[in-house]
Each structure stands twice: as structure tokens, then as C-alpha cells.
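Asker: give me the fold of what follows.
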Amino acid sequence: MAAGFEEAKVTVPAVLAAKGERKLAMVTAYDFTFARLADRAGADLLLVGDSLGMVVQGCETTLGVTMDEMVYHTRMVARGRTRALVIGDMPFLSYQVSTSEAVANAGRFIKEGGAEAVKLEGGVHVADTVKRLSDIDVPVMGHIGLTPQSVHRMGGHKVQGRRPGHGAGGRDRLFEDARALEEAGAFAIVIEGVPADLAAEISRSLSIPTIGIGAGPACDGQVLVLHDLLGLEDRIAPKFVRRYAELGRAAVDAIGQYVADVREGSFPAREHSFSSPRPVARIKEA
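Answerer: Purely as a prediction, here's the structure:
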């Protein structure tokens, strides 16, 4: 684990207690290997995001991801972590149809996937669902601002909260969404794609932590998509992304060298090969 990080298991109460005390670091994860690496690096929260539809499956949006796919990936991530809190991202139409379906699908994340919390998008309109889940002790992380499942309503992945008003995406509405989620029992809220000053105001107004992505530095924590921060994603990264490594380029170079070695016959060499045992000489009978 990276130096300076706590080794105690991260829990929902620990996340709540971090408000005003220390910043929270969350990254997405989609499989065992990267979950293990992120956990060892000290990430506090691992979000099994429906962003897997874009960065793992190669789709244009997150809308086609299914519950079965989310549970499958969550199970792998849960196996790879020892310290971080694992959060399952509820996919499109897994919680919007009815509260009973939301409960059943959230239960799948916990029972089948090994998640310790779920995340869902929206504010005022999903507050009743958040309250129902919280009432049965399913921890819920909210998500307001640029909500990818609303991509068609927004006309693309566009910054929200730049205009006043109580309509969807309006500045006043985002305050209402945040307060509704807190009152419904959410233990934290992701704020995505909003002006930094607005995210700062919302963060100060809440008693629960905010996790920013494209929302400035004043949030109580930050989240990035793993493929973006590691340089594994070829698509043009949003303005708010910092690439901490270029693993995609390193992987292409490594695989290219392997291909060249195979073609020129330098791999596998003798040290990479097995040999038959030497025959044992027979002892002649006296």
C-alpha cells in the first residue's frame, strides 16, 4: 500500500467521518486485477461504474449495461480488494421503474456481487427510492450534475448548473437534488460536471461528503475513471482528467516487442523452454 494511507477497512461510517477531516479518493474498477492494484495503492472507495459500457465494452454511452453485467464485474472487484469500500453502480432502468425493482436490484449487488453500497443517479425524483434503500440498510451514494444516464436529455455530456432555475440541470435544482438525497439517507454524493463554485457551495451546505469529478477542488473527495488516469483510454479525455501514467502506450510497446521477437525467432529462447528428462542407464545384471 502507498505510504501514508490508513490500513483499516473503509466502511460507510468511516466515509461519513471523513467529512471535514480528510479527502476521500475514489476510482472506478471493473475486474480483480485492477481492483487489487487500486486497493494496494490506498484508494478509499472502488466504484464498479456503469462506465464499463464505454471503457470496457466500447459503447458510446452507459445506457446498454445490464444488471447481470454489473453484478458480474462487481463480484470480480470485491474479490480483489481488502480495504476499500466497494460500490456498485446501478445501471439504467434498474431503479427507475419502481421502488420494488430498485430494492431487488440493489439486493443483487450486495448478495451476489459482494458490494457494500450502491450508487444511483438523480436527486429529487429518486429521493423516495434512496429513502427506501436506506431504510432497509442498503447504503446509497447519490450522483447529481452531469448524470451520464441522462445523456439524451442533456444533449450530450455537458456541464450542468451554469444557468439558474429549478428545472433539470439548473443551479437551484442541483441544490434541491443534493438536499433531497441527504434527507433521504444517502451517505455521500457524487457531483459531476458542474462549475467549481457551485460544487463548493453544495459541499459546504451538506453534512455528508461530496465526491467530485469535473467539479473543482472543494469537494470532500475526488473520483476518476481508472482507464483515464492510467492512460488506457484512447478517446479524448475530458478537461477534468489528469493522466497519471501512459500504460496504454507502454502496453502497445511491450506487445509490439513480443510480436517482433516471435517473428524473428528470438522468443521463446532456451530459458523459456522445457527439456525431457535424461534417460536413466540400466544396471547390467551380474
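Asker: which residues in the stretch 1-150 of the chain form strands?
Answerer: Under the criterion DSSP state E, counting those that start in this stretch, strands of the stretch 1-150 of the chain are mapped to 24-28, 45-48, 85-89, 117-119, 140-145.
Asker: ok, which of those comes nearest residue 239?
Answerer: Nearest to residue 239, of all the strands of the stretch 1-150 of the chain, is strand 140-145, at 14.6 Å by Cβ to Cβ. For glycine as for every other residue, the C-beta is placed from the backbone atoms N, C-alpha and C.
Asker: quick one: the following helix or strand past that closest one to chain centroid distance?
Answerer: Next helix or strand after strand 140-145 toward the C-terminus (DSSP states H and E): helix 151-154. Centroid separation for helix 151-154 versus its chain: 21 Å, with Cα atoms, centre = their mean, to the nearest Å.
Asker: give me the number of residues near residue 76?
Answerer: A count of nearby residues for residue 76, using other Cβ atoms under 10 Å, gives 18.
Asker: now render the strands of the stretch 1-150 of the chain as TSV, adding mean pLDDT, distance to residue 200 and mean neighbour count.
Answerer: Formatted as TSV, the strands of the stretch 1-150 of the chain follow (pLDDT from 0 to 100; distance: least, Cβ to Cβ, whole Å; neighbours: other Cβ atoms under 10 Å):
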stretch	mean pLDDT	distance to residue 200	mean neighbour count
strand 24-28	98	16	24
strand 45-48	98	21	29
strand 85-89	98	24	28
strand 117-119	98	22	26
strand 140-145	98	13	28
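Asker: how about these in TSV, adding distance to residue 197?
Answerer: Output for the strands of the stretch 1-150 of the chain, formatted as TSV (distance: least, Cβ to Cβ, whole Å):
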stretch	distance to residue 197
strand 24-28	21
strand 45-48	25
strand 85-89	27
strand 117-119	25
strand 140-145	13
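Asker: which one of those lies closest to residue 95?
Answerer: Short answer: strand 117-119, nearest of the strands of the stretch 1-150 of the chain by Cβ to Cβ, at 8.4 Å.
Asker: partners of that closest one in the sheet?
Answerer: strand 85-89 (parallel), strand 140-145 (parallel) (DSSP bridges).
Asker: residue 134 contacts residue 128, doesn't it?
Answerer: No. Taking Cβ atoms under 8 Å as the definition, residue 134 is not a contact partner of residue 128, at 10.7 Å.
Asker: shared neighbours, those two?
Answerer: Shared contacts of residue 134 and residue 128, defined by Cβ atoms under 8 Å, 6 or more residues apart in numbering, are found at residue 184.
Asker: tell me which of the strands of the stretch 1-150 of the chain sits nearest to residue 76.
Answerer: Closest to residue 76 of the strands of the stretch 1-150 of the chain is strand 45-48 (Cβ to Cβ; 8.6 Å).
Asker: and that closest one, how far out from the chain's middle?
Answerer: That offset, for strand 45-48, works out to 4 Å (Cα atoms, centre = their mean).
Asker: identify the residues contacting that strand?
Answerer: Contact with strand 45-48 is made by 10, 15, 24-30, 35, 38-39, 70, 73-74, 77, 81, 84-89, 113, 115, 119, 211, 221, 223, as judged by Cβ under 8 Å, 6+ apart.
Asker: recalculate using a threshold of 6 Å.
Answerer: 26, 28-29, 35, 38, 73-74, 77, 81, 84-89 (Cβ atoms under 6 Å, 6 or more residues apart in numbering).
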